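Fold the following and give me the result.
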Amino acid sequence: MPDDPTSGEVIRTMQALNARLDRFSPPEVYQIQHDQLLAEIREIQDERAREKQAEDEKERRAEAERRAQEQRRQQDRRMVFTALIAPVLLLFLQLYLTARGAGS
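This next block holds a predicted model:
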């Protein structure tokens, strides 16, 4: 039986096999890594949701500010008409009526 390994060869083969097996991690390590990865993914998703919510809030505030500015512009236009244009028109109307009444 020349093909039979000697006990020294078997021991060396077993040692080599044990050394290779020692390099592999047990399934629990993979499960822990998987759980940590899932936790990191959830954390990133939560952070993205918070960023999206903050972005939406910023857009709402910008829209409200734009509406407020438009309303102030309309009020300014009314004020200009009331304070400047209306008195000038009334003055011209009074002058017209005075000139027409004086000519009668």
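
And stretch 16-28, what's buried?
By 16 or more other C-beta atoms under 10 Å, stretch 16-28 has no buried positions at all. Any C-beta I mention is one placed from the backbone N, CA and C, and that applies to glycine too.

Quick one: mean pLDDT for it?
The average pLDDT for stretch 16-28 rounds to 75.

contacts for that stretch?
With C-beta atoms under 8 Å, 6 or more residues apart in numbering as the test, stretch 16-28 has no contacts from any other residue.

Okay, strands next: where are they in the protein?
Applying DSSP state E to the chain gives no strands.

ok, longest helix in it?
Longest helix of the chain, by residue count under DSSP state H: helix 27-80.

now that helix, how far from the centre of its chain.
With C-alpha atoms, centre = their mean, to the nearest Å as the basis, helix 27-80 stands 4 Å off its chain's centre.

same thing with stretch 90-100?
62 Å.

Taking the centroid of this structure, which residue is nearest it?
Nearest to the geometric centre of the chain sits Lys52, at 3.2 Å (C-alpha atoms, centre = their mean).

For that one, which residues are in contact?
Neighbours of Lys52 in contact, by C-beta under 8 Å, 6+ apart: none.

What distance do you get for it to Ala39?
20 Å (C-beta to C-beta, to the nearest Å).

Low-confidence bits of the chain, can you list those?
Residues of the chain that meet the criterion pLDDT under 70 lie in 1-5, 22-24, 102-104.

and Thr6, what does it touch?
Taking C-beta under 8 Å, 6+ apart, one finds nothing in contact with Thr6.

Could you rerun that using 10 Å?
Arg12 (C-beta atoms under 10 Å, 6 or more residues apart in numbering).

Could you report the distance from it to Ala54?
Taking C-beta to C-beta as the measure, Thr6 falls 72 Å from Ala54.

Nice, that's everything, thank you.
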